[in-house]
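Participant: need a structure here:
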Amino acid sequence: MMSIKLTPYLVLEGNATDAIALYQEVFGAEVLMRQAFGDLPPNPEFPLPDSVLDKIAHAHLKIGESELMLYDTFPGSPYTRGNNMTVCVTLPNAERATQVFEKLADGGHIVQPLQATFFSPAFGTVTDAFGITFTVTTEAAQ
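Facilitator: Numbers count the residues shown, from 1 in each chain. Modelled structure (predicted):
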């Protein structure tokens with residue numbers, strides 16, 4: 001069986017740093033990775049406003065035997081409190097990520113097209129026919 005990993009992915013409204021601190025205090029969370037928007041490679045086509053540079057673009061926590069991911073939504077992006085979680089599907093390669101993404105998109109809708117990024121050869125977000133949102137990615141750049 002091919003490797004697949006499902007991880008809850010929380011979307012926060014600019015307070016991910018506070019959430020990380022709370023989860024460290026309450027659950028003893030270990031921060032495996034934490035990256036602010038200001039740490040991302042610059043994109044001249046989409047310059048970041050100063051107001052988001054210290055916000056969390058991606059954080060990965062280990063809590064006991066479990067893992068949790070979270071990030072701050074980009075200002076101006078739709079945000080609905082109580083409906084701010086996706087499931088991160090991590091797959092071993094871009095080919096498998098494409099297959100999973102396309103099947104989830106059938107009857108659903110694509111939020112962010114599956115594409116190569118600086119951190120993954122295949123990354124995108126899709127909401128399936130049941131209204132569940134999945135972030136599809138690969139283990140690492142190939």
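Participant: Now residue 81. Nearest residue, chain neighbours left out?
Facilitator: residue 13 (7.3 Å; CB to CB, 6 or more residues apart in numbering). For every residue, glycine as well, the C-beta is placed using N, CA and C.
Participant: looking at it, that neighbour is touching residue 71, isn't it?
Facilitator: No. Look at residue 13 against residue 71 with CB atoms under 8 Å: they stay out of range, at 10.8 Å.
Participant: More neighbours: the two, which one.
Facilitator: Per other CB atoms under 10 Å, whichever of residue 13 and residue 71 has more neighbours is residue 71, with 20 against 14.
Participant: Send over stretch 47-61 as CSV, restricted to the C-alpha atoms.
Facilitator: Extracted in CSV, the C-alpha atoms of stretch 47-61 (Å, rounded to 0.1, in the frame of the first residue of the first chain):
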residue,chain,number,x,y,z
PRO,A,47,4.3,41.4,-3.1
LEU,A,48,3.4,40.9,0.6
PRO,A,49,2.1,43.8,2.7
ASP,A,50,4.2,44.5,5.8
SER,A,51,1.1,43.7,7.9
VAL,A,52,1.4,39.9,7.1
LEU,A,53,5.2,39.4,7.3
ASP,A,54,5.1,38.2,10.9
LYS,A,55,1.9,36.1,10.4
ILE,A,56,2.2,32.3,10.2
ALA,A,57,2.3,30.9,6.6
HIS,A,58,2.8,27.3,7.9
ALA,A,59,3.4,25.6,11.2
HIS,A,60,3.7,21.9,12.0
LEU,A,61,3.3,20.7,15.5
